[in-house]
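Asks: model this:
(one chain, ligands or ions: 2)
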Amino acid sequence: MMLTALGLMSGTSLDGVDVAMIETDGRRVNALGPSGYRPYTDVERGLLRQALYEAADLPDRAARPGCLREAERVVTSAHAEAVAAFTAQHRMRFDDIDIVGFHGQTVLHRPEKKLTVQIGDAPALAKLIHVPVMYDFRAADVDAGGQGAPFVPVYHRALAQSLEWEGPTVVVNIGGVANITYIDGDTLIACDTGPGNALLDDYMFRWLNQRFDNEGRTAALGKVDAAWINRALQMPFFSLPPPKSLDRNDFERLKLGDIPPEDGAATLTAFTVAAIARVVPLLPKEPKNWIVAGGGARNLTMLRMLRECLQPATVRAADTLGWASDAIEAQAFGFLAARGLKGLPLSYPATTGVPFPMTGGIIARP
Ligand SMILES: Nc1ncnc2c1ncn2[C@@H]1O[C@H](COP(=O)(O)OP(=O)(O)OP(=O)(O)O)[C@@H](O)[C@H]1O
Ligand SMILES: CC(=O)N[C@H]1[C@@H]2OC[C@@H](O2)[C@@H](O)[C@@H]1O[C@H](C)C(=O)O
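Replies: Ligands and ions are numbered 1, 2, ... in the order given. A predicted model of the protein is given here:
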């Protein structure tokens, strides 16, 4: 049975809530509907940054000390507003939606401690929007010894099915953290690769008071410090084989020296790219095609560096294939909700390291 699912994603870049509609039976994508976006205000984003900071030592996933309770309330109401605005804009009624897939906001990801924490109150959201809400997608995976991320690979595979390209294809999502899905026939492998935009965003904010490097214009003017990148790539994470995952703040201790901001932006952009390329020798075959999604696909300097670094493979921005780059993760959580409802696997040994294919998600009913 086809379901109309609404996916809601609040990613590690802390920019806002993405909303997307998808019609799916959890196996095939029958149709992609519209998508929307509800940005966080500066005050909300400040609170979320503080929440990430205060969550760093959380001993258990239910605890909400300090500002975490308030941050959770803000995340829940931002999502409720996002759904209300989306349904009003598209003249939909809540009961046109069968299921909502609600990722929440990750504030801590420590799979080695079997701990992954997404804030957002799903039972409250279900009551506010009068639709069943599936949430807590990562918990069962981490409990079973998996990495708890990335979860988008099953959806990347569903999207890539229609491409019928020869040779291995990799979808790379450059959000706050970057992650890849390697697809070659029946082989599906995934992992986080390193920083996405988060380090660069934090640097741009600190030194230039800009939220991100628009189209990569600042980085385009700078000089890359290749020695710094080579040193940073010595961190043990980069030589680990997939599957592997990261917390947004795993690289916060890496500091650039006293260099012009353009050089800093260029170096951090090149670091994200080098970390993505570093995964190639860890894959079974060299990928022939790369598809770049997420906000990083709008960074033209990042795209240029990816093309240079990954040649002779072809690198395409997801939008050029008709995929809605900004909506893919939200669509994915709609798709995952439909899969969860049907008990289909959300993660696999080669995507998160779980011992066997695992379903997941919990349902909150209005
Ligand atoms: N026009 C642009 N030019 C350059 N970079 C951009 C542009 N628009 C967005 N970005 C970058 O993309 C980021 C947002 O990306 P995205 O929405 O994919 O992240 P996310 O979903 O929050 O993160 P994750 O995938 O890690 O959960 C912004 O923080 C910014 O760094
Ligand atoms: C713990 C967590 O929230 N991880 C995110 C993060 O942002 C990108 C990357 O790291 C990815 O592993 C994951 O998100 C996407 C949606 C995923 O699970 O596929």
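Asks: quick one: the strands in the stretch 101-250 of the chain, in order.
Replies: Shown for the stretch 101-250 of the chain, the strands assigned by DSSP state E, counting those that start in this stretch span residues 115-119, 133-135, 169-174, 177-184, 187-195.
Asks: let me know the angle separating the last one from strand 177-184.
Replies: Counting by axes from the mean of the first three to the mean of the last three Cα atoms, to 10 degrees, strand 187-195 points 160 degrees away from the direction of strand 177-184.
Asks: contacts for strand 187-195, please.
Replies: With Cβ atoms under 8 Å, 6 or more residues apart in numbering as the contact definition, strand 187-195 has outside contacts at 147, 149-150, 153-154, 157, 168, 172, 177-182, 237-238, 242-246, 251, 268, 271-272, 275-276, 278-279, 283-284, 348, 350-352. To be clear about C-beta, it is placed using only N, CA and C from the backbone, and glycine gets the same treatment.
Asks: can you check the fourth one too?
Replies: Contact partners of strand 177-184, identified using Cβ under 8 Å, 6+ apart, comprise 12, 149-150, 152-153, 156-157, 160, 167-173, 188-196, 198, 242, 245-246, 248, 272, 275-276, 279, 283-285, 287, 294, 296, 351.
Asks: so which of the strands of the stretch 101-250 of the chain is nearest ligand 2?
Replies: For ligand 2, the closest of the strands of the stretch 101-250 of the chain is strand 177-184, at 3.4 Å, according to Cβ to the nearest ligand atom.
Asks: wait, does that closest one contact ligand 2?
Replies: Yes: contact of strand 177-184 with ligand 2 (Cβ under 6 Å from any ligand atom) involves Val177, Asn179.
Asks: run the chain-centre distance for that strand.
Replies: Centroid separation for strand 177-184 versus its chain: 11 Å, with Cα atoms, centre = their mean, to the nearest Å.
Asks: also stretch 273-289?
Replies: The gap between the average C-alpha position of stretch 273-289 and the chain average comes to 19 Å, counting by Cα atoms, centre = their mean.
Asks: swap in stretch 4-20?
Replies: Between the mean C-alpha point of stretch 4-20 and the mean C-alpha point of its chain there is a distance of 9 Å (Cα atoms, centre = their mean).
Asks: ditto for stretch 321-328
Replies: Distance of stretch 321-328 from the chain centroid (Cα atoms, centre = their mean) equals 13 Å.
Asks: list of residues touching that stretch?
Replies: Counting by Cβ under 8 Å, 6+ apart, 18, 20, 32, 35, 37, 152, 155-156, 159, 163, 173, 291-295, 297-298, 317-319, 331 sit against stretch 321-328.
Asks: one more time with 7 Å, if that's ok
Replies: With contacts defined as Cβ atoms under 7 Å, 6 or more residues apart in numbering, stretch 321-328 is touched by Asp18, Ala20, Ser35, Leu159, Ile291, Ala293, Gly294, Ala297, Ala317, Ala318, Asp319.
Asks: for the record, mean pLDDT for that stretch?
Replies: The average pLDDT within stretch 321-328 is 94.
Asks: so which bits of it are buried?
Replies: For stretch 321-328, burial by neighbour count (16 or more other Cβ atoms under 10 Å) applies to Trp323, Ala324, Ser325, Asp326, Ala327, Ile328.
Asks: reformat these as CSV; add distance to Leu47.
Replies: Output for the buried residues of stretch 321-328, formatted as CSV (distance: Cβ to Cβ, whole Å):
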residue, distance to Leu47
Trp323, 32
Ala324, 28
Ser325, 27
Asp326, 23
Ala327, 25
Ile328, 26
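Asks: any chance of the strands of the stretch 101-250 of the chain in a markdown table, with mean neighbour count and mean pLDDT too?
Replies: Rendered in a markdown table, the data for these read as follows (neighbours: other Cβ atoms under 10 Å; pLDDT from 0 to 100):
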| stretch | mean neighbour count | mean pLDDT |
| --- | --- | --- |
| strand 115-119 | 22 | 98 |
| strand 133-135 | 27 | 98 |
| strand 169-174 | 27 | 98 |
| strand 177-184 | 25 | 98 |
| strand 187-195 | 24 | 98 |
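Asks: tell me which of those sits nearest to Glu44.
Replies: strand 115-119 (12.5 Å; Cβ to Cβ).
Asks: give me the sheet partners of that closest one and which way each runs.
Replies: When pairing is defined by DSSP bridges, strand 115-119 lines up against strand 99-110 (antiparallel).
Asks: is the strand it pairs with anywhere near ligand 2?
Replies: Yes: counting by Cβ under 6 Å from any ligand atom, ligand 2 has neighbours in strand 99-110: Thr106, His109.
Asks: give me the mean pLDDT for that strand.
Replies: 98.
Asks: wait, does it contact ligand 1?
Replies: No: using Cβ under 6 Å from any ligand atom as the criterion, no contacts between strand 99-110 and ligand 1 are found, and the smallest distance is 7.5 Å.
Asks: up against ligand 2, what does the stretch 151-300 of the chain have?
Replies: By Cβ under 6 Å from any ligand atom, the part of the stretch 151-300 of the chain that sits against ligand 2 consists of Phe151, Val152, Gly175, Gly176, Val177, Asn179, Asp192, Ser245, Leu246.
Asks: who does the fifth one bridge with?
Replies: Beta bridges link Val177 to Pro195, judged by DSSP bridges.
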